[in-house]
Every structure is written in C-alpha cells, then in structure tokens.
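>>> could you look at this predicted model? Sequence included:
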Amino acid sequence: MPQFNWVPLVFAVFSATAFYFSEMSAAFVTNEVITRFIRDGVMVLALIIPINAGMGVNFSIIVGALCAQVGLILAVDYRLGAVSGLLLISTVGILLSIFSGVIIGICLNRAKRREMITTIIIGFLATSIYQLIFMVGYGTVIQPTNQEMMLSRGIGIRNMVDLEMFRNVIDTLWLFRIESIEIPVLMILCVFGFALMIKYIMKTRLGKQFMVIGESLEKAEALGIHVGRVRIKAIVASTLIACLGHIFYILNIGMLDVYTAQMNTDIFSCAALLAGGATVLKADVRHAFLGIVLFHSLFIVSPQAGQNVFGNPALGEYFRSFVAYGTIAFALIISSKNQEKLSIKEKTVKVT
C-alpha cells in the first residue's frame, strides 16, 4: 500500500496562507500561474523518465537548457527571421541535446547509484564550458557576424541579448481572454502534448524497461535488458525534452540572459515536481502539473505576503529559496527512509 505524501498538502496550506496575507487578486495570481505553467511545464516533465528509470532527479537538464541557448545565440548572430530562426534553434538544440545526452548517459553508467550528485557536477561543468566559449571564445576563435551582440572590446557576448524577432511568435497564438485572465491555448496544448508523449512512452516496451530498471538493476539484467543502453536512452530523452522546454521559456520571456538564464532551472524544476507528490523513485505527469501550480503559486504570493505581514518583501524571497531547497532535502530524506525499509523487508523475506 503506497504511503501518503504530505508534501502537496503542506504546499497547498502554505500557498493558501500566503495568498490570504498577500491580498493579491485571484485573477493576477491565475495569470501568473498560467504564464509559469507554459514557461516551466515542459522542463519539469523532463525529469519524469530518468526518475522512473531509477536514476533519481536529473539535475543535468541544465545541459539541455544550454543546448537551447546555443541555438538562440546562433539565430541572433545570423540575424534570422522568426520562422527560419526557430528552425535553426530547434535543429541546433535537438542535435546538441542528443549528443550531450549520450555523453551524460555514458558517464552515469559509470556512476550507478550516485547519479544525482554526478548530474549536479555535470551541470556545473557544462555551465563553465558554455560560459568560457561565449565569454572568451566568441570574438577570438569564433568570429561573429552580428557585432551588436558583442561587448565593446569585441570579445565575448553581452550579458543580455534582445530576442525581439522571436518575442510573441508562438505564445500569443490562440490567445483567449476570459475577463482579465489570458489563456494562451496553443502553448498550453504544447505542454499537454509533451505530457501525453511521456505517458505514451511509459506504456511502450521501452517505458516498461525503464520501470523494471527503476525497480532493480539485477532484475532487469536477469530479464535480458541492456541496462546501460536503456539508461542512456532515458537521459537522452530527458535532455532533449529539457532543451525544447527551455526554448519555450526563453521565447516567452523575450530576452536571453546569456550567462545565467539556465541557472536554477534544475533546482526549481526538481522542487516543483517534488512539491506535486513525486519522489526520487517515482514520478508521474500528475505530480508535475500539480507541483507547478502549488510551487509557483507560493513563489508568486510569498514576497507580497512578507511585505504585508513583516514589512519586508525580502523575507518572502528568502522563504522561496528555503522552500525550493527544503523540498528537495525533505524528499531525499523520505526516499532514503523508504529505501531502508524496503531493504530490511527484502532481507526479511530472504531469511524466511
């Protein structure tokens, strides 16, 4: 019998309490939650497959975000239009994310049962290489065609790059308004489309292999499953989905913070998924959707609640960071306890 997960209930209570003290209108909060749903929804969904494949939370989805940013920078550098630019961004992002996913998967196969800490380090390493390329390599080794995006010295890209040619290209299509609430139908359907794709994958033969590997590596090997190859496929899928999700995120904002746009995408996506009731051993689409609503609702209202109650909005900001990291820590503790109970139960069964 599955154990009751208290995390969503705690988040619901915190969100409702903070909303009450923030005195914000329901319409404003709803609009903000919808915006964050289409910005972050696909990125959160990218975590589901590796978790079910027994690899824990894939913090290296930040690599997928970096692949998307490379495509965006190239599109701006070549001054492409909206349609041709989106094609280049998607092509470059997909190819880089597949290649990166294979490399990450190979690394994780050499670090079995230590995947989460390994993906954290991989994320830091990838960010450092990315920043080195575009801070030093662009203008020296790589010659730009668009000098407007370069620093005055001619080496390195500016911190902020305007994506005016891509702004509102897709997120304003099928935009409906119900009084003061804006509903970008196409973007919401895109997020649901990725969710349905993940549900479909998990019901296929490959998805069942993910589940078996997640239950036990030994059992999977005994069934003749090529564990290493399937684990690589899980990471490739996660990195690719994260890349596409980050494209949605950047295009919705309309500005690219070249060196820090990818920062915390892994932490906040992980926290949102865990807030919805997922664990580091089991996750589903429903956990992602519920977590996005609960986690980002709290993020939206907590600064104003801190201002109204304590006269200091910074308290709300600190609380948001505490919640993000606290949720991950709590999930890891609960997961560790569940694994210990499972291990004791398996040993008892073997003895009897």
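Noted; the coordinates are in hand.
>>> for Met116, give its distance to Gly306.
Met116 sits 31 Å away from Gly306 when distances are taken as CB to CB, to the nearest Å. (C-beta placed from N, C-alpha, C; glycine too.)
>>> again with Gly276
Taking CB to CB, one finds Gly276 at 24 Å from Gly306.
>>> what residues are up against Glu182?
Asn31, Ile34, Leu175, Phe176 (CB atoms under 8 Å, 6 or more residues apart in numbering).
>>> the nearest residue to Met43 once chain neighbours are set aside is in what secondary structure piece?
Computed as CB to CB, 6 or more residues apart in numbering, the closest residue to Met43 that is not its neighbour in sequence is Gly245, at 3.9 Å. In this assignment (DSSP states H and E), Gly245 forms part of helix 227-253.
>>> same check, this time on Ile183
Applying DSSP H and E, one finds Ile183 within strand 181-184.
>>> buried sites along the helix or strand following that strand?
The C-terminal neighbour of strand 181-184 among helices and strands, as given by DSSP H and E, is helix 185-203. The neighbour-count check on helix 185-203 (16 or more other CB atoms under 10 Å) flags Met187, Cys190, Val191, Phe194, Ala195, Ile198, Ile201, Met202 as buried.
>>> run a quick check on the second one versus Phe248, I expect a contact.
Yes: using CB atoms under 8 Å, Cys190 is in contact with Phe248, at 7.0 Å.
>>> give me the common contacts of those two.
Ile38, Val42.
>>> the stretch 251-352 of the chain: helices as residue ranges?
265-275, 285-310, 313-351 (DSSP state H, counting those that start in this stretch).
>>> what mean pLDDT does the second one get?
Helix 285-310 shows a mean pLDDT of 87 in the predicted model.
>>> how about the longest one?
Here helix 313-351 scores 64 as its mean pLDDT.
>>> name the helices or strands packed onto the helix or strand harbouring Phe11?
According to DSSP H and E, Phe11 maps onto helix 7-22. On a contact count with 3 or more CB pairs under 8 Å, 6 or more residues apart in numbering; DSSP states H and E, helix 7-22 meets helix 265-275, helix 285-310, helix 313-351.
>>> identify each buried residue in the helix or strand following it, please.
Next helix or strand after helix 7-22 toward the C-terminus (DSSP H and E): helix 26-45. When burial is assessed from 16+ other CB under 10 Å, helix 26-45 yields the following buried residues: 29-45.
>>> how about the closest residue to Asn5 other than its chain neighbours, phi and psi?
Nearest non-adjacent residue to Asn5, counting by CB to CB, 6+ apart: Gly277, 4.5 Å away. Backbone geometry at Gly277, expressed as degrees, to the nearest 10, gives phi 110, psi 0.
>>> quick check, Gly277 in contact with Phe289.
No: using CB under 8 Å, Gly277 makes no contact with Phe289, being 10.7 Å away.
>>> how far away from the center of its chain is stretch 224-239?
In terms of CA atoms, centre = their mean, to the nearest Å, the centre of stretch 224-239 is set 19 Å apart from its chain centre.
>>> look up how far Leu108 lies from Ile155.
35 Å.
>>> neighbour count winner among these two?
Leu108 (25 against 14; other CB atoms under 10 Å).
>>> so which helix or strand takes in the more buried one?
Leu108 belongs to helix 82-109, assigned by DSSP H and E.
>>> what's the neighbour count on Ser22?
Neighbours around Ser22, by other CB under 10 Å: 21.
>>> swap that for Ala271, sorry
For Ala271, using other CB under 10 Å, the count is 26.
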